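Q: no FASTA, just this:
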């Protein structure tokens, strides 16, 4: 395609498949309504069924879920175009009354098996459907037609493997050392790690708390339906689903196969709409059936009470008006014409890097990839995703072929981090993106430099001169005078200042840390991480009342925030409010019983209160939870020392 850059082309493909899903919904609803009309002796003209099918497809096409997932370079609209196609084929296969041989020709099932294998190349989550597809094909096609099971299942499995062979592209392409080469799947073990999405295995196999996780997830999920289809649309979708279950159970079973597995899998941990798109697709089919049921019911009332037949047309006009209202609201919500992208701040970071520098990036890895690989900016700079060193088997392989300008030490991949720094720190200026989760890996070598840290063998102390240089670089990174109203921009800068504020707090720069955290709080109000650290910063500056306000506010928003609960207890100890401190710290202990930091603070509290027995017990508990805790060891030694003169 001669138009646009790589990002534009990929996003356009996503939009194309989003439109394809809507088109397939039209054909699915049309086929179901024709069947329902004949099976229940309702006369519905071809024209009417097409109008209702079009309305259902149009409502889905302007739903937030589809729009959100069709204007981003992701796979969700693509994989759901496969899902919609599977539903269309299976509806034909299980359909009893058909005027064509589309559903009775077994070759269409071959096509289904091939496409299903192919779809796994789009997203491995499709594998959840596999056992149910073979059961459906056996129950509704092989069994009633008395076809040999083993022979035909073997044929289907062959076509499935033929489609699934798309995965052979992975080791073939990986052998060419491409720019993006997650997992380097050239060997069988690396191939299996990659295709099974091993990096998220802990989440995939998690068992959530029914009350703390699952119930809030379900409540959040239910809100998606009026948000996507409006309350009238949700009502007619429920009507259509119930009607279909009662009148045409075969179709209901097919739709359930594509609704339930992803719902059960993702409801445990997924918060946004992207992986529930198949469920909304199916609900749109229910919506089409519900609109048809509503129209037929109105026609029956007209005949019974001899109303004006035009009343039925008013019903469809009302559905059309509801569509226009959804279109207007969802267009405004998803309008990306003024979308903010973080090109400017990362461009300023990249331009500020010294010649032949190395950038360790985490969340900004793809932004730097775009600037270097698409915009061709600063080819002398090497940027590396920090997760390449943290989880090399799951992501990229650090190799001389991938990074020809760097020295790659001959170490086991898991141990390459420190060796890599030692081999390159003298010849390359190294930068590190703030990453509180993993900063500890390089914390002794970090130096305040701007929005990204410098990694130095011997970091100099923070001086007024270095702080002034740091502030000047921040001005290029963040200018509040040109800050837009875009929420994504606010979240981006709010998160950046939160991370820097946390680092400054750890370095004892409390006034400057407070300024950063206040900016973060302004940009993302009620962020519990900003509020908690604001409480800590005010406490360090002996502003006890403000510290208490921020910590209490954190706990009002998130009552189970362990760190804030513990910090509140520490604040009360510092302020000699021992009873309040005891209440706060015991609550923190209830939140997490085996937490060394909480146990240690309880030990200090009881020592202040003169309860040596409890103090000693909590210091011992601290050492059980953290045997290397030197402060607890020293505190416990005081109890073991013989009394003076003894």
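A: The structure has been received and is ready for your questions. Values in this document were obtained by computation on a predicted structure and should not be read as measured data.

Q: can you give me the offset of stretch 219-234 from its chain's centre?
A: Averaging C-alpha positions (C-alpha atoms, centre = their mean, to the nearest Å) puts stretch 219-234 20 Å from its chain's average.

Q: which outside residues touch that stretch?
A: Residues outside stretch 219-234 that contact it (C-beta atoms under 8 Å, 6 or more residues apart in numbering) are 59, 63-65, 237, 263, 267, 271, 273, 276, 280, 283-284, 287, 322, 325-326. C-beta coordinates here come from the backbone N, C-alpha and C atoms, glycine included.

Q: what does stretch 458-468 give?
A: Counting by C-beta under 8 Å, 6+ apart, 444-448, 507, 509, 512 sit against stretch 458-468.

Q: make a ChimeraX selection of whichever of these turn out to be buried.
A: The ChimeraX selection below is limited to those of the contacts of stretch 458-468 classed as buried (16 or more other C-beta atoms under 10 Å):
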select :445,446,447,448,509,512
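
Q: against which helices or strands is the helix or strand bottoming out on mean pLDDT in the chain packed?
A: Within the chain, confidence by mean pLDDT, DSSP states H and E is lowest for helix 201-204 among all helices and strands, at a mean of 71. If you count contacts as 3 or more C-beta pairs under 8 Å, 6 or more residues apart in numbering; DSSP states H and E, helix 201-204 packs onto no helix or strand.

Q: how far does that helix sit from its chain's centre?
A: Distance, centroid of helix 201-204 to centroid of chain: 13 Å (C-alpha atoms, centre = their mean).

Q: check which element follows that helix along the chain.
A: Under the assignment DSSP states H and E, the closest C-terminal helix or strand after helix 201-204 is helix 215-247.

Q: beyond that next one, next helix or strand please.
A: On the C-terminal side of helix 215-247, the nearest following helix or strand under DSSP H and E is helix 249-266.

Q: any idea how far that next one is from the chain center?
A: 23 Å.

Q: quick check: mean pLDDT of it?
A: The average pLDDT for helix 249-266 rounds to 91.

Q: helix or strand right after it?
A: Moving toward the C-terminus from helix 249-266, the first helix or strand encountered (DSSP H and E) is helix 277-305.

Q: got the angle for that following helix vs helix 249-266?
A: 140 degrees (axes from the mean of the first three to the mean of the last three C-alpha atoms, to 10 degrees).

Q: tell me the buried residues in the very next helix or strand once past helix 277-305?
A: Remark: after helix 277-305, the chain's next helix or strand is helix 310-334, criterion DSSP H and E. Neighbour-count burial for helix 310-334 flags 312, 316, 319, 322-323, 326, 330, 334 (criterion: 16+ other C-beta under 10 Å).

Q: so can I have TSV of those residues showing distance to residue 435?
A: Formatted as TSV, these follow (distance: C-beta to C-beta, whole Å):
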residue	distance to residue 435
312	61
316	55
319	50
322	46
323	45
326	40
330	35
334	31
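
Q: closest to residue 136 out of these?
A: residue 319 (31.6 Å; C-beta to C-beta).

Q: I'd say that closest one and residue 291 touch.
A: Yes: using C-beta atoms under 8 Å, residue 319 is in contact with residue 291, at 5.8 Å.

Q: give the residues shared as contacts by those two.
A: In contact with both residue 319 and residue 291: residue 55, using C-beta under 8 Å, 6+ apart.

Q: the helix or strand containing residue 502: which residues count as buried?
A: If you go by DSSP H and E, residue 502 is part of helix 487-506. The neighbour-count check on helix 487-506 (16+ other C-beta under 10 Å) flags 489-490, 492-505 as buried.

Q: next structured bit after it?
A: Next in sequence after helix 487-506, counting helices and strands by DSSP H and E, comes helix 510-523.

Q: now the angle from that next one to helix 487-506?
A: Using the same axes, to 10 degrees: helix 510-523 against helix 487-506 is 160 degrees.

Q: contacts made by the helix or strand just after helix 510-523 with the rest, please.
A: Scanning forward in sequence from helix 510-523 by DSSP H and E, the next helix or strand is helix 528-540. Helix 528-540 has contacts (C-beta under 8 Å, 6+ apart) with 494, 498, 501-502, 505, 510, 513-514, 517-518, 520-521, 524, 544, 546-551, 553-554, 557-558, 561, 563-564, 567-568, 570-571, 574.

Q: low-confidence bits of this structure, can you list those?
A: 1-2, 40-44, 96-105, 392-397, 411-417, 640-646 (pLDDT under 70).

Q: please report how far residue 108 lies from residue 332.
A: As for residue 108, its distance to residue 332 is 42 Å (criterion: C-beta to C-beta, to the nearest Å).

Q: kindly reformat the contacts of stretch 458-468 as JSON lines containing distance to residue 410.
A: Shown next, in JSON lines, are these (distance: C-beta to C-beta, whole Å):
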{"residue": "444", "distance to residue 410": "24"}
{"residue": "445", "distance to residue 410": "22"}
{"residue": "446", "distance to residue 410": "27"}
{"residue": "447", "distance to residue 410": "29"}
{"residue": "448", "distance to residue 410": "33"}
{"residue": "507", "distance to residue 410": "35"}
{"residue": "509", "distance to residue 410": "40"}
{"residue": "512", "distance to residue 410": "42"}
